[in-house]
Structure formats: structure tokens, C-alpha cells
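**Q** quick one, what's the 3D model for this:
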Amino acid sequence: MNKNYTLGPWNYNERHNIIEGISNTCPVIGSVFQSNPDADHNARLIAAAPDLLEALKNVVARLEENKPAKAKKQAS
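**A** Predicted coordinates:
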């Protein structure tokens with residue numbers, strides 16, 4: 001997989017900016033409109049993206065490990 005994204009950890013600040021790292025001095029990599037009533041929830045979800053990607057990769061790897069041999073051959 002080509003890594004064309006900013007590696008985590010990501011976080012968000014009180015302005016709903018998505019930041020690279022864990023302090024307010026870190027670069028901003030995205031923003032959520034503050035006028036949106038769900039801005040806090042959206043910022044949390046976006047900031048969790050690197051962790052969600054890692055979890056998804058782990059799930060896919062576990063599924064691949066548990067494929068029957070016949071299914072593995074067909075997938076190749």
C-alpha cells in the first residue's frame with residue numbers, strides 16, 4: 001500500500017483542527033467547520049483515522065491467515 005498520508009498520531013484541538021501529533025504546536029493537517037453541530041464528533045473521528053486504518057489492516061491480516069488453503073490459491 002502506498003503511504004500518501006500523514007502518519008499518526010493525529011489529534012484535534014479546541015478549534016477542531018486536526019493536528020499531526022499531540023500538542024497545539026504541531027502542524028494542522030485538516031479542519032472541521034466549527035459551525036457544524038457535530039464538529040467535535042467529526043474532529044474526533046478524523047483524528048482517529050490512523051488508528052482505524054491500523055485496526056482494519058490487522059483485521060484483514062487475520063482474515064487472510066484464517067482463509068482455507070483452497071481460497072488462498074484462488075485469490076493468488
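**Q** which residues of the chain score low on pLDDT?
**A** Under the criterion of pLDDT under 70, the regions of the chain flagged as low confidence span 1-3, 70-76.
**Q** do a quick rundown of the strands in it.
**A** Counting by DSSP state E, one finds strands in the chain at the ranges 10-12, 17-20, 28-31.
**Q** for the last one, packing partners?
**A** Going back to what we said before, that points to strand 28-31. Packing partners of strand 28-31 (3 or more Cβ pairs under 8 Å, 6 or more residues apart in numbering; DSSP states H and E): strand 17-20. For glycine as for every other residue, the C-beta is placed from the backbone atoms N, C-alpha and C.
**Q** which neighbours in the sheet does the strand it packs on have, and how are they oriented?
**A** Based on DSSP bridges, the strands next to strand 17-20 in the sheet, each with its direction, are strand 10-12 (antiparallel), strand 28-31 (antiparallel).
**Q** and Leu52, which of these is closest to it?
**A** Evaluated over these, closeness to Leu52 peaks at strand 10-12, with 10.4 Å, by Cβ to Cβ.
**Q** and the closest one, what's buried?
**A** By neighbour count, with 16 or more other Cβ atoms under 10 Å as the criterion, the buried positions of strand 10-12 are 10-12.
**Q** likewise for stretch 16-35?
**A** Neighbour-count burial for stretch 16-35, counted by 16+ other Cβ under 10 Å, picks out 16-20, 26, 30-32.
**Q** quick one: closest of the strands paired with strand 17-20 to Ala61.
**A** strand 10-12 (22.2 Å).
**Q** which residues touch that closest one?
**A** The set of residues that contact strand 10-12 without belonging to it, under Cβ atoms under 8 Å, 6 or more residues apart in numbering, is 18-22, 26, 29, 32, 43-44, 46-50.
**Q** now stretch 30-38
**A** Taking Cβ under 8 Å, 6+ apart as the criterion, the residues outside stretch 30-38 that touch it are 12, 15-18, 39, 42-43, 46.
**Q** including distance to Leu63, could those go into TSV?
**A** As requested, the contacts of stretch 30-38 are exported to TSV (distance: Cβ to Cβ, whole Å):
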residue	distance to Leu63
Tyr12	31
Arg15	39
His16	35
Asn17	35
Ile18	29
Ala39	35
Asn42	29
Ala43	30
Ile46	26
